[in-house]
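Engineer: sequence first, then the predicted structure, then my questions.
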Amino acid sequence: MKNILEAPFMVEMIRTATNMYAHGWDERNGGNISLMLEEAAVAEYLDLHSVLRTIPTGFTAPALEGRIFLVTGTGKYFKNVQYAPEVNLGIVRLQDQGRRADLLWGYADGGQFTSEFPAHMMSHVARLQVNPENRVVMHCHPANLLAMTYVHTLDERAFTRTLWQMCTECIVVFPEGVNVLPWMLCGTNEIGEATAEKMRTARLVVWSQHGIYGAGKDLDETFGLIETAEKAAEIYMKIAHLPRLNTITDEQMHLLEQRFGIKAREGYLD
Ligand code: 2HA
Ligand code: ZN
């Protein structure tokens, strides 16, 4: 067996968590990541029949039966992931219609997956239906997106249009826009179901007064989505209280659609 700490998926996960912390998106134990792994890739590093322990999930997700995920641990700090991956991360395989997770590696101090596991797994189900290549769900607390949910309408079209207007490339990076949930109690199946429903039409879902969820085919794409939306929100928070003399017009956004071969969400541009 090869050393799992040298597996490309593990190296990338550790680098991503470290980078998210460095961006200030994951204070204390804030944020969580789940990365779906290919069985053949994991089998190079772990005996898939060797189950360390079994953890009940509290939900069902039949579409994910047998799927393997690398997931950040509950209560764990992104800051520490690089120093003790086997304590702060775990690899689980969903069994029994998703009702239980067999621990294959990690959570070495007796811990378990993030409290937002329902929102992650339900979002994976939703995104895989839209794009079978989806592998990542990522949650964090970027300050400017959060700030925006205090002072901007939560109407999804208006919220999206504001972000698109803040940097030229936003509409190119997330042409489907961002969906927005009102404040809800986190860590529950309810917020998981609501997030997954929103994930059917966009890879970014804002949790008002809490943070954001992103989904994508790899860690880079998902990080980049959140990074771009957060940059736009930062510009908004710098200018929201100032008279706006210029903006990116809908006409210009139509030019971007043509230039980059993308299509903005139906009805979001005039
Ligand atoms: O504690 O971010 O939403 C991790 C979280 C919960
Ligand atoms: Zn959170």
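Structural biologist: On my side now, so go ahead. Residues are numbered from 1 along each chain as shown. Ligands and ions are numbered 1, 2, ... in the order given.

Engineer: what about the closest residue to ligand 1 within the stretch 51-200 of the chain, neighbour count?
Structural biologist: Taking CB to the nearest ligand atom, ligand 1 has its nearest neighbour within the stretch 51-200 of the chain at C186, 4.3 Å off. The C-beta positions use only the backbone N, C-alpha and C, and glycine is treated the same way. C186 has 16 neighbours, counted by other CB atoms under 10 Å.

Engineer: and F59, by the same measure?
Structural biologist: With other CB under 10 Å as criterion, F59 counts 15.

Engineer: per-residue confidence at it?
Structural biologist: F59 carries a pLDDT value of 97.

Engineer: that one and E190: what is the separation?
Structural biologist: 11 Å (CB to CB, to the nearest Å).

Engineer: now swap in G66 and tell me
Structural biologist: Distance from G66 to E190, by CB to CB: 26 Å.

Engineer: who's more crowded, the two?
Structural biologist: Higher neighbour count among G66 and E190: E190, with 13 against 9, using other CB under 10 Å.

Engineer: list the buried residues of stretch 48-60.
Structural biologist: I55, T57 (16 or more other CB atoms under 10 Å).

Engineer: stretch 246-263 now?
Structural biologist: Under the neighbour-count rule (16+ other CB under 10 Å), stretch 246-263 has I248, M253, L256, E257 buried.

Engineer: what sits against the last one?
Structural biologist: Spelled out, that is E257. I171, P175, K263, A264, L269 (CB atoms under 8 Å, 6 or more residues apart in numbering).

Engineer: check contacts around the fourth one.
Structural biologist: Translated: A264. Contacts of A264 (CB under 8 Å, 6+ apart): W164, I171, P175, G177, M253, E257.

Engineer: swap in M20?
Structural biologist: M20 neighbours (CB under 8 Å, 6+ apart): D26, G31, I33, F78, M138, C140, F223.

Engineer: what about V205, distance to G106?
Structural biologist: Counting by CB to CB - V205 and G106 are separated by 27 Å.

Engineer: compare neighbour counts for these two and give me the winner.
Structural biologist: More crowded of V205 and G106, by other CB under 10 Å: V205, with 27 against 24.

Engineer: run through who's touching the helix or strand hosting that one.
Structural biologist: Per DSSP states H and E, V205 falls inside strand 204-207. With contacts defined as CB under 8 Å, 6+ apart, strand 204-207 is touched by 123, 139, 145, 149, 154, 159, 174, 177-181, 183-184, 186, 191, 195, 198-199, 212-215, 225-226, 229.

Engineer: if we can go back for a sec, can you lay out the contacts of M20 as TSV showing distance to ligand 1 and secondary structure?
Structural biologist: TSV is the format used below for the contacts of M20 (distance: CB to the nearest ligand atom, whole Å; DSSP: H, G, I helix; E, B strand; the rest coil):
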residue	distance to ligand 1	secondary structure
D26	8	coil
G31	5	coil
I33	11	strand
F78	10	helix
M138	11	strand
C140	7	strand
F223	16	helix
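
Engineer: many thanks, I have nothing further to ask.
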